[in-house]
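Asker: Compute the structure for the input listed below.
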Amino acid sequence: MERIVVGTDFSSSSEEAVRLAGEWARNYGAELTLLHVLGVPELAHFELEQPIREHRVLEEAAHEALDAMVDHILVGTRVRTAIVRGRGQIGASAADGIVDFAEEIDAD
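Answerer: Residues are numbered from 1 along each chain as shown. Model (predicted):
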């Protein structure tokens, strides 16, 4: 196992998944990617400027939250963080974004 991807929505449940993925990464000497999928608001298709501004604020907050998780949960783990945008399709989920990302980086 060389590359592990774990998604987070910053809930307590995902925090536990991050903790477990960190243990696996340390045990296997793998690189862990801590991933957050940002949803694409449906209104973005209609009102361009406001959703873009809101999206930037959400992305900045997500970066800060990912960094905090690394500092508090993943100490001693070889980790990188990533934020991807959701597919923007009706019915697409964060899980779709996680799977797409994992395939893209050839995660185990």
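Asker: Assign a three-state SS to A17, would you?
Answerer: Of the three states, A17 takes helix under DSSP: H, G, I helix; E, B strand; the rest coil.
Asker: quick one: it and D9 touch, right?
Answerer: No - A17 is beyond contact range of D9, at 10.0 Å (criterion: CB atoms under 8 Å). The C-beta positions use only the backbone N, C-alpha and C, and glycine is treated the same way.
Asker: from the middle of its chain, how far away would the lengthiest helix in the chain be?
Answerer: The single longest helix within the chain, with elements called by DSSP state H, is helix 49-73. In terms of CA atoms, centre = their mean, to the nearest Å, the centre of helix 49-73 is set 10 Å apart from its chain centre.
Asker: So what's the residue count around D67?
Answerer: Number of residues near D67 (other CB atoms under 10 Å) recorded here: 12.
Asker: Distance check, it against N27.
Answerer: From D67 across to N27, the span is 24 Å (CB to CB, to the nearest Å).
Asker: what does T8 give?
Answerer: Distance, T8 to N27, by CB to CB: 20 Å.
Asker: Compare these two and say which is more crowded by neighbours.
Answerer: T8 (23 against 9).
Asker: For that one, report the pLDDT, please.
Answerer: T8 is assigned 97 on the pLDDT scale.
Asker: Show me what the helix or strand bottoming out on mean pLDDT in the chain is packed against.
Answerer: Lowest on mean pLDDT, DSSP states H and E among the helices and strands of the chain sits helix 49-73, with a mean of 86. Helix 49-73 is packed against helix 12-28, strand 31-38, strand 79-85, with contacts defined by 3 or more CB pairs under 8 Å, 6 or more residues apart in numbering; DSSP states H and E.
Asker: tell me which residues in that helix are buried?
Answerer: By 16 or more other CB atoms under 10 Å, the buried positions in helix 49-73 come out as P51, H55, L58, A62, A65, L66, M69, V70, I73.
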